[in-house]
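Trainee: Compute the structure for the input listed below.
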Amino acid sequence: MKWAILSVASAVILLITVVTSCVHQPSPIPADGNFPPDIANILVNKCAVSGCHNAASYTNADKLLLDSWDHLFNGGVTGAVVVPYSPQYSPLLYFVNTDSSLGPVAVPTMPYSTPGRVLHPLTKAEYLLLESWIASGAPDKDGNVAFASNPSTRQKIYLTQQGCDLVGVIDAERNVVMRYIPVGMSATSIESPHCVRVSSDGMYAYVSFYSGDYIQKIDTRTDQVVGSAYMGPGAWNIIYLSPQDTSLLASDWQGAGYVGFVQTVGMTPAPLIGGSSTFVYPHGITSNATYDTFFITAQYGNVIYKLSASALYYKQISIDGHPPSAALSATGATPDPHEVLMKFDHSAYFVTCEGSNQVKLMDAYRDSVLATIPVGVFPVEMAMSTTKPYLFVTCQEDSSTISGRRGSVYVINYNTLQVVTVLYGDFYQPHGITVDDKTGLVYIASTNANVTGPAPHHVTACSGRPGWYTVYNLNTLQPLNNNRYEVTVMPYSAAVRFR
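Mentor: Here you go, the predicted model:
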């Protein structure tokens with residue numbers, strides 16, 4: 001009997017040993033951190049040191065951990081520090097640079113030196129080595145480039161940088177900028193990428209330009225521009241894609257504006273529709289389910305334009321009970337419809353009214369107002385979730401409950417039309433917003449365009465005030481973390497890859 005008890009005990013010990021041996025143990029970080037040798041000599045030996053960016057100290061160093069190549073691409077509390085192929089927009093270089101002729105210089109200079117630990121700034125040769133490494137993709141010692149795997153299925157968020165002729169690409173797993181895509185056609189002037197939209201299959205993104213003459217097409221597998229459609233001089237604002245992505249419609253935000261169709265396969269534009277007083281500052285666009293009837297906001301006044309695809313039907317719809325007028329007026333005197341977003345069943349659409357601080361719900365068939373929802377000051381962009389009954393509305397100039405911040409995000413139940421909550425977060429003039437239902441996250445872009453806004457953490461290679469995006473949990477409607485993901489100048493429009 002005693003032998004039996006000992007045998008059972010031995011078996012238990014053996015089982016525990018086997019189970020323990022099967023538990024995955026994290027691979028130890030090699031001494032070189034998987035960096036190429038010359039890069040490891042800088043980042044591991046001079047940055048990932050005691051009191052700075054090593055495992056023991058990084059939480060007090062902007063949460064930037066530099067002990068390995070993989071950890072580098074988690075970024076820090078201000079977002080990405082290295083963006084592969086974009087040394088000019090990789091903040092790590094700003095803080096190790098002491099020569100403004102080489103690029104932006106930010107303080108404090110890193111490696112950070114104290115009386116008890118003297119660390120010398122990088123030499124010019126070391127700086128140029130880092131710059132060249134990032135320009136070639138910042139690969140690990142085996143040649144792997146961060147975020148390059150699974151190009152056809154990787155979830156991303158696209159964010160226009162209106163002040164820099166860039167589109168930022170955010171990796172949805174780590175939430176940091178993984179690429180910057182140069183866009184625009186001019187080598188001498190900023191064309192201001194305004195709106196970005198992603199095709200329903202997630203394979204292409206389309207970008208309009210407020211100060212440019214083109215609509216551009218981006219392959220989301222390579223994050224490269226693969227086509228352009230010449231629209232003519234204008235202020236090309238909003239893009240609206242057909243259900244099968246074969247066509248898009250764009251608005252020209254001018255007093256005698258136009259709208260223009262483009263066949264997306266060859267990026268072939270059709271003759272423009274409008275001019276004279278047909279469309280006065282046309283902006284937001286949506287359509288019925290069959291993509292043959294369009295609803296287009298007039299930025300000023302009280303008008304929604306209703307247009308057939310053949311342009312044989314045209315109507316002006318009043319959204320406030322007064323005669324239709326698309327004229328400029330005193331602030332608050334007219335609704336000033338900005339953006340428009342169709343409900344999933346195509347029975348009605350929401351309109352943000354930046355002049356009256358309202359969101360209106362319009363009947364898509366009867367052309368009448370179904371409901372008016374008061375919101376914060378200067379409502380602009382909207383996004384809807386497919387997994388939660390939430391309509392998100394950015395109110396760019398709303399007074400914040402947080403000192404030094406400006407703007408809010410209203411969360412409205414799109415079934416009951418009740419305000420669920422108001423988000424007062426780390427925003428300053430929030431504009432673009434998108435919902436990633438696959439990861440359960442909401443991305444909110446703060447333009448930070450006003451000079452009275454928060455001072456940025458660092459400069460950029462693009463002149464102007466950097467903005468940022470914040471990430472919220474869709475289920476809790478709370479910030480995912482305390483990070484302020486800084487980008488370049490005036491982040492404006494956001495779109496998720498796979499919906």
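Trainee: Describe which strands the longest strand seen in the chain pairs with in its sheet and in which direction.
Mentor: Secondary structure of the chain per DSSP state E: the longest strand is strand 390-399. Using DSSP bridges, strand 390-399 pairs in its sheet with strand 379-384 (antiparallel), strand 406-413 (antiparallel).
Trainee: Quick check: what element follows the last one along the chain?
Mentor: I take that to be strand 406-413. Where DSSP states H and E defines the elements, the next helix or strand beyond strand 406-413 is strand 419-423.
Trainee: Check which helices and strands that following strand is in contact with.
Mentor: The contact analysis (3 or more CB pairs under 8 Å, 6 or more residues apart in numbering; DSSP states H and E) places strand 419-423 against strand 406-413. No exception for glycine: its C-beta is placed from N, CA and C like everyone else's.
Trainee: pLDDT on the strand it packs on, on average?
Mentor: For strand 406-413, mean pLDDT rounds to 98.
Trainee: Is Lys217 bridged to anything, and to what?
Mentor: On the basis of DSSP bridges, Lys217 is bridged to Tyr206, Gly227.
Trainee: So what's the residue count around it?
Mentor: Per other CB atoms under 10 Å, the neighbour tally for Lys217 reads 22.
Trainee: what do you get for Ala364?
Mentor: Neighbourhood size, Ala364 [other CB under 10 Å]: 22.
Trainee: and it, what is it in contact with?
Mentor: Going by CB atoms under 8 Å, 6 or more residues apart in numbering, Ala364 touches Asn288, Phe295, Met342, His346, Ser347, Ala348, Tyr349.
Trainee: between these, which is closest to Tyr424?
Mentor: Closest to Tyr424 out of the contacts of Ala364 is Tyr349 (27.1 Å), distances taken as CB to CB.
Trainee: Quick check: the closest one touching Val359?
Mentor: No. Judged on CB atoms under 8 Å, Tyr349 makes no contact with Val359 at a distance of 10.7 Å.
Trainee: Neighbour count: these two, which is higher?
Mentor: Taking other CB under 10 Å, Tyr349 and Val359 do not tie; Val359 has more neighbours (25 against 21).
Trainee: quick one: what helix or strand has the more buried one in it?
Mentor: strand 358-363.
Trainee: what helices or strands is that strand leaning on?
Mentor: strand 348-353, strand 369-374, strand 379-384.
Trainee: Partner strands of the second one and their direction?
Mentor: Note on strand 369-374: by DSSP bridges, its sheet partners are strand 358-363 (antiparallel).
Trainee: Give me the distance between the partner strand and the centre of its chain.
Mentor: Here the centre of strand 358-363 is set off from its chain's centre by 26 Å, with CA atoms, centre = their mean, to the nearest Å.
Trainee: Check stretch 42-51 too.
Mentor: For stretch 42-51, the distance from its own C-alpha centre to the chain's C-alpha centre is 32 Å (CA atoms, centre = their mean).
Trainee: List the buried residues for stretch 484-499?
Mentor: When burial is assessed from 16 or more other CB atoms under 10 Å, stretch 484-499 yields the following buried residues: 484-498.
Trainee: Which one of the residues you listed is nearest to Tyr314?
Mentor: Nearest to Tyr314 among the buried residues of stretch 484-499: Ser493, at 27.2 Å, using CB to CB.
Trainee: Return the residues in contact with the closest one.
Mentor: For Ser493, the contacting residues are Leu159, Thr160, Pro193, His194, Cys195, Val196, Glu381, His431, Gly432, Ala445, by CB under 8 Å, 6+ apart.
Trainee: center of this structure, which residue is that?
Mentor: Centroid-nearest residue in the chain: Leu159, 3.4 Å away (criterion: CA atoms, centre = their mean).
Trainee: List the contacts of it.
Mentor: Counting by CB under 8 Å, 6+ apart, Leu159 touches 167-170, 196, 432, 443, 445, 469, 487, 491-494.
Trainee: For the residue nearest to it when sequence neighbours are not counted, list each beta-bridge partner.
Mentor: Once flanking residues are discounted, Leu159 sits nearest to Gly168: 4.3 Å by CB to CB, 6 or more residues apart in numbering. Gly168 has these beta-bridge partners by DSSP bridges: Leu159, Tyr180.
Trainee: what about this structure, any weak spots by pLDDT?
Mentor: The chain contains residues with pLDDT under 70 at 1-27.
Trainee: if we can go back for a sec, most widely separated two among the contacts of Ser493?
Mentor: Farthest-apart pair in those is Pro193 and Glu381; separation 15.2 Å (CB to CB).
Trainee: Between these two, which is the more surrounded one?
Mentor: The neighbour count for Pro193 versus Glu381, taken as other CB under 10 Å, is higher for Pro193 (29 against 26).
Trainee: Next up, the contacts around the residue lying closest to that one once chain neighbours are set aside.
Mentor: Nearest residue to Pro193, sequence neighbours excluded (CB to CB, 6+ apart): Thr160, at 4.2 Å. Remark: with contacts taken as CB under 8 Å, 6+ apart, Thr160 is in contact with 166-168, 193-196, 207, 432, 491-494.
Trainee: Turn these into CSV, columns for secondary structure and distance to Ser277.
Mentor: Conversion of these to CSV gives the following (DSSP: H, G, I helix; E, B strand; the rest coil; distance: CB to CB, whole Å):
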residue, secondary structure, distance to Ser277
Leu166, strand, 35
Val167, strand, 34
Gly168, strand, 37
Pro193, strand, 29
His194, strand, 23
Cys195, strand, 24
Val196, strand, 30
Val207, strand, 29
Gly432, strand, 30
Pro491, strand, 34
Tyr492, strand, 28
Ser493, strand, 28
Ala494, strand, 33
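Trainee: just curious, which of those residues is nearest to Leu43?
Mentor: Gly168 (23.6 Å).
Trainee: distance of the closest one from Val196?
Mentor: 10 Å (CB to CB, to the nearest Å).
Trainee: Need the residues touching each of the two.
Mentor: With CB under 8 Å, 6+ apart, Gly168 and Val196 have common neighbours Tyr158, Leu159, Thr160.
Trainee: Now do the same contact list for Ser356.
Mentor: By CB under 8 Å, 6+ apart, the residues touching Ser356 are Asp320, Gly332, Thr334, Pro335, Asp336.
Trainee: Looking at these, spot the one nearest Leu72.
Mentor: Asp336 (45.5 Å).
Trainee: So the closest one sits against Gly355, correct?
Mentor: Yes. Assessed by CB under 8 Å, Asp336 is found in contact with Gly355 at 3.2 Å.
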